[in-house]
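Peer 1: return atomic coordinates for the entry below.
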Amino acid sequence: MKASSLFNLFGQQSLPMNGGFANMMSQFQSFRKNFNGDPKAQVQQLLDSGQMSQQQFNQLSQMATQFQQMMRGRF
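Peer 2: So this is what the prediction gives:
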């Protein structure tokens, strides 16, 4: 999977509302299955190339933290 697909999948979509959780989980599982490489290196490549700003990274990082909490039942 290309580095930019990480940003495309999570960076340009908001969390689904009104019963969209199953769809979100399906998309995440598909992404996870098809992801290749080192996630940190790919994110750094996006930052270095200017394809992702520091502000976008911060937003995605916050979303990832919320997603992790939700998956652990703490959300």
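Peer 1: pLDDT on the longest helix seen in the chain, on average?
Peer 2: The longest helix of the chain (DSSP state H) is helix 54-71. When pLDDT is averaged over helix 54-71, the result is 89.
Peer 1: tell me the buried residues in that helix?
Peer 2: Buried residues in helix 54-71, counted by 16 or more other Cβ atoms under 10 Å: 57, 60. Placement of C-beta: from N, CA and C, glycine included.
Peer 1: please pull out the lowest mean pLDDT helix or strand from the protein.
Peer 2: Across the helices and strands of the chain, mean confidence by mean pLDDT, DSSP states H and E is lowest for helix 3-11: a mean of 57.
Peer 1: and the next helix or strand after that helix, C-alpha only, in CSV?
Peer 2: On the C-terminal side of helix 3-11, the nearest following helix or strand under DSSP states H and E is helix 21-34. Extracted in CSV, the C-alpha atoms of helix 21-34 (Å, rounded to 0.1, in the frame of the first residue of the first chain):
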residue,chain,number,x,y,z
PHE,A,21,-19.4,1.9,12.9
ALA,A,22,-19.6,-1.4,11.1
ASN,A,23,-18.6,0.3,7.8
MET,A,24,-15.7,2.0,9.5
MET,A,25,-14.5,-1.3,11.0
SER,A,26,-14.8,-3.0,7.7
GLN,A,27,-12.7,-0.2,6.1
PHE,A,28,-10.1,-0.5,8.9
GLN,A,29,-9.8,-4.2,8.6
SER,A,30,-9.3,-3.9,4.8
PHE,A,31,-6.7,-1.3,5.4
ARG,A,32,-4.9,-3.3,8.0
LYS,A,33,-4.9,-6.4,5.8
ASN,A,34,-3.4,-4.6,2.8
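Peer 1: circling back to that earlier point, for the longest helix of the chain, name the packing helices and strands.
Peer 2: helix 3-11, helix 39-49 (3 or more Cβ pairs under 8 Å, 6 or more residues apart in numbering; DSSP states H and E).
Peer 1: report the angle between the longest one and helix 54-71.
Peer 2: What it means is helix 39-49. Interaxial angle of helix 39-49 relative to helix 54-71 (axes from the mean of the first three to the mean of the last three Cα atoms, to 10 degrees): 160 degrees.
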